[in-house]
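Visitor: Any chance you can model this:
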Amino acid sequence: MIGDKSMLWIGVCLIVTMIIAGCASPPALAPIQSAEPTTKIPTIPQKAIETISVPLHTTGTTSPAGSVTEKEILHDSGVLTTETFKTYDFKDMGFKFIYPGDKFRITIKAEKPVLGYALNTEQASGLQGSQLIPRYESYSTKVQWGLIEPSFVLEKATNSTGEFVYGDYVEYRYDGNKYIAINRTTGEVHPLTYVVDGRWMSYDPAFDNINTFNYEITITKTGGPTEQSFNF
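Guide: The predicted model follows:
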């Protein structure tokens, strides 16, 4: 029989053996986390974005109804007598020819009443002749033109303005019965000359003592077929 001491010794040996076995056994490994598979996202080339120019439809600037483009084509002043006149060729103003529908505004200021009128440039070259002197007669309140075929007329103008359209009709404008504005043409294309004329006073004794007087004229192109000739 095994004694108590022997049993005790065997127990101690078993405990020591278990302790040694526990120390010698490898440590438990931490659970290995499986790496998630790395998916490489392919690089997709970006397509160049084309810039498309969208045409802009701009609305042209329109003038209010009744408004026109204007340009002053003549402004001059001078001195006349009851026996002289002054001519202004529209060619020198940039208009070799005047067309039906061309529009003008004429303003004349003068110390004494003068006649302002346009006529064919060829006819204007003969104004020195006695038959081409416009005058008033006792039997009429209107000027007698003789061989002159005028248009753009201001009669007895001292501070007068007339709007004219070159065309085939007659237009009368009254300003306190002081003058008559006439637009009388044949509707043909012409080179025109405008005239400021003081000679009618030589036929009126009321102006016998007049030597010289000042005048001023302004011509403005307000529209018409040759409007493209404007240099703005």
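Visitor: where does the protein dip in pLDDT?
Guide: 1-14, 16-68, 168-188, 226-232 (pLDDT under 70).
Visitor: ranges for the helices of it?
Guide: Ranges of helices within the chain are 4-24, 121-124, based on DSSP state H.
Visitor: hey, where'd the strands end up in the protein?
Guide: Ranges of strands in the chain, per DSSP state E, are 71-80, 85-89, 103-120, 135-136, 143-144, 151-165, 192-197, 213-223.
Visitor: In CSV: the ones you listed, plus distance to residue 95 and mean neighbour count.
Guide: For glycine as for every other residue, the C-beta is placed from the backbone atoms N, C-alpha and C. Converted to CSV, the strands of the chain look like this (distance: least, Cβ to Cβ, whole Å; neighbours: other Cβ atoms under 10 Å):
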stretch, distance to residue 95, mean neighbour count
strand 71-80, 7, 14
strand 85-89, 9, 17
strand 103-120, 10, 22
strand 135-136, 29, 16
strand 143-144, 26, 18
strand 151-165, 13, 21
strand 192-197, 8, 23
strand 213-223, 8, 18
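Visitor: and residue 207, which of those is closest to it?
Guide: Smallest distance to residue 207 across the strands of the chain (Cβ to Cβ): 6.9 Å, for strand 103-120.
Visitor: Sheet-wise, list the partners of that closest one with their directions.
Guide: In the sheet, strand 103-120 lines up against strand 151-165 (antiparallel), strand 192-197 (antiparallel), strand 213-223 (antiparallel) (DSSP bridges).
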